[in-house]
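> Predicted coordinates and the sequence they were generated for:
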Amino acid sequence: MEINHLKHKTPQIICDKEDRFSIAPIKKVLNESATAYSRYACKGYNMFWFTGGDGEFEVDLTNHSFPKNALFFLTPGQVGAYVKGKTPDGLVIYFSERYFSEDNSMEIVFLKHNLFNNQLPYILINERDCTLLKVLLQIMHDEMGHADEFAHEDSLSHLLRLFLITIQRRGTIDSEKRLCINNQADQLFVRFRQQVELHYREKHFIQDYADILNVSSKTLSRNVLEASGYTPLKFINYRLIQEARWLLLYSDMKIKEISYSLGFSDPSNFVKFFIRQTGKKPSFYRELEL
C-alpha cells in the first residue's frame with residue numbers, strides 16, 4: 001500500500017502534483033485499497049499517527065503494540081503493515097527524500113537520524129501537544145492547495161521541519177533516553193548514525209566509522225552507548241539486516257548477489273551473519289507471503 005496511489009480518489013487525501021508530499025486519513029486508506037493490510041516497502045519517509053486509540057502496527061516484520069497518539073516513523077526501505085482489527089484511525093504523512101537531502105545542518109541530522117532510524121520506531125504525543133501538531137498539519141494541508149504560488153516549496157519544507165522539530169522537542173520515547181543537540185555524546189551518536197546510513201554496505205566495523213569521524217573506536221563506543229544504550233556494532237548490524245530483509249522480500253536478486261551488494265566477499269559468511277542476527281535463514285524471508 002502506497003498512499004500516493006490513492007491521492008486522486010478523494011479530496012481528503014492531499015498530495016502535491018510531483019508526489020513529494022501527502023497527507024491521508026488512515027481510515028480512508030484502509031477502506032479504498034484492496035491491499036491495505038499487505039506488507040509494503042516505503043519509498044520515502046512515512047509517519048503514521050494513530051490518534052483514534054491503541055492498537056498494533058508491524059514494522060520490519062515485528063509487531064508493535066502502542067497506546068493512543070503513537071506516531072511511527074518509517075524510512076525509505078523499511079517494511080510496514082497495518083494489522084487487521086487492531087488499527088485505529090489516524091493520519092499517514094508521506095514526504096520524499098528531497099526534504100532531507102538538501103540540508104546537512106546538525107538540526108536536520110538530528111531529525112533524520114533520531115526521529116527516524118530508531119530501534120523503537122514510534123514516539124508518544126500527549127493530548128496538549130496533539131492540538132499544536134494538528135494545527136501545523138492543517139496549515140500544511142492548506143498550503144498544498146497553493147502549489148503555484150510564490151515560495152510554495154519553501155513554505156511546505158519549513159512547515160514540515162517545524163512539525164518534526166515540535167515532535168523532537170515534546171514527544172516521549174518509551175525506554176529510550178531523550179537526545180540533546182547540545183550534548184557532545186549525542187552529537188557524535190547522530191553523526192555516527194548518519195555515516196552508517198551512507199556507508200553500511202561497505203563498512204562493517206566500528207573502527208571504520210571511528211576513522212570517518214576522526215575519533216578513537218573507544219571514544220565512539222563510549223559515546224554511542226551513553227547516548228543510546230547500544231553498541232555501535234548493534235546499529236551497523238541492524239542496518240545491514242534491515243537492507244537484507246528488504247532485498248529478500250522485494251528484489252529478484254539471488255542471495256549470493258545480495259551478500260555481495262552488502263559487502264560480504266563470501267555468501268556463506270552473509271548467511272551465517274543473517275542467521276546469527278535474526279535466528280532465521282535468508283530463505284525464510286524470500287519465501288514469506290507479502
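That came through fine.
> just the helices in the protein please.
Secondary structure of the chain by DSSP state H: the helices cover 26-32, 98-101, 106-110, 127-143, 152-170, 184-199, 206-213, 217-228, 232-250, 255-261, 267-278, 282-286.
> name the helices or strands packed onto the fourth one?
When contacts are defined as 3 or more C-beta pairs under 8 Å, 6 or more residues apart in numbering; DSSP states H and E, helix 127-143 packs onto strand 21-25, helix 152-170. Quick note: C-beta positions are derived from backbone N, CA and C, even for glycine.
> deepest of those, which one?
Highest mean neighbour count among the helices and strands packed on helix 127-143 (mean count of other C-beta atoms under 10 Å): strand 21-25, with a mean of 22.
> Switch the helices and strands packed on helix 127-143 over to TSV; also include distance to residue 53 and mean pLDDT.
Below are the helices and strands packed on helix 127-143 laid out as TSV (distance: least, C-beta to C-beta, whole Å; pLDDT from 0 to 100):
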stretch	distance to residue 53	mean pLDDT
strand 21-25	15	91
helix 152-170	20	90
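> separation between residue 69 and residue 219?
38 Å (C-beta to C-beta, to the nearest Å).
> quick one, which of those two is more surrounded?
Legend: neighbour count by other C-beta atoms under 10 Å for residue 69 and residue 219, higher for residue 69 (23 against 14).
> And that one, its phi and psi?
Backbone torsions for residue 69, taken as degrees, to the nearest 10, come to phi 70, psi 30.
> Setting the sequence-adjacent residues aside, check what's closest to residue 226.
residue 185 (4.5 Å; C-beta to C-beta, 6 or more residues apart in numbering).
> swap that for residue 203, sorry
residue 209 (6.6 Å).
> Output the below-cut-off pLDDT ranges for the stretch 1-150 of the chain.
By pLDDT under 70, the low-scoring segments of the stretch 1-150 of the chain are 1-19, 101-103, 119.
> picking that back up, now render the helices of the chain as JSON lines, adding distance to residue 39.
Formatted as JSON lines, the helices of the chain follow (distance: least, C-beta to C-beta, whole Å):
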{"stretch": "helix 26-32", "distance to residue 39": "15"}
{"stretch": "helix 98-101", "distance to residue 39": "24"}
{"stretch": "helix 106-110", "distance to residue 39": "29"}
{"stretch": "helix 127-143", "distance to residue 39": "26"}
{"stretch": "helix 152-170", "distance to residue 39": "25"}
{"stretch": "helix 184-199", "distance to residue 39": "22"}
{"stretch": "helix 206-213", "distance to residue 39": "31"}
{"stretch": "helix 217-228", "distance to residue 39": "27"}
{"stretch": "helix 232-250", "distance to residue 39": "7"}
{"stretch": "helix 255-261", "distance to residue 39": "18"}
{"stretch": "helix 267-278", "distance to residue 39": "16"}
{"stretch": "helix 282-286", "distance to residue 39": "11"}
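> Minimum distance to residue 45: which of these has it?
The minimum distance between residue 45 and those falls on helix 98-101, with 7.2 Å, by C-beta to C-beta.
> Give me the buried positions along that closest one.
99, 100 (16 or more other C-beta atoms under 10 Å).
> what sits up against it?
Applying C-beta atoms under 8 Å, 6 or more residues apart in numbering, the external contacts of helix 98-101 come out as 20, 21, 45, 108, 111, 112, 157, 160.
> before we move on, the earlier item: want to throw the helices and strands packed on helix 127-143 into JSON lines with distance to residue 238?
As requested, the helices and strands packed on helix 127-143 are exported to JSON lines (distance: least, C-beta to C-beta, whole Å):
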{"stretch": "strand 21-25", "distance to residue 238": "28"}
{"stretch": "helix 152-170", "distance to residue 238": "21"}
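> Ok, which of the ones you listed comes nearest residue 247?
It's strand 21-25; of the helices and strands packed on helix 127-143, that one is closest to residue 247 (C-beta to C-beta) at 26.2 Å.
> how about stretch 232-245: buried residues?
232, 235, 236, 237, 238, 239, 240, 241, 242, 243, 244, 245.
> Could I get the pLDDT score of the closest residue to the last one other than its chain neighbours?
Distances taken as C-beta to C-beta, 6+ apart put residue 285 closest to residue 245, at 5.6 Å, once the chain neighbours are dropped. Looking at residue 285, its pLDDT reads 87.
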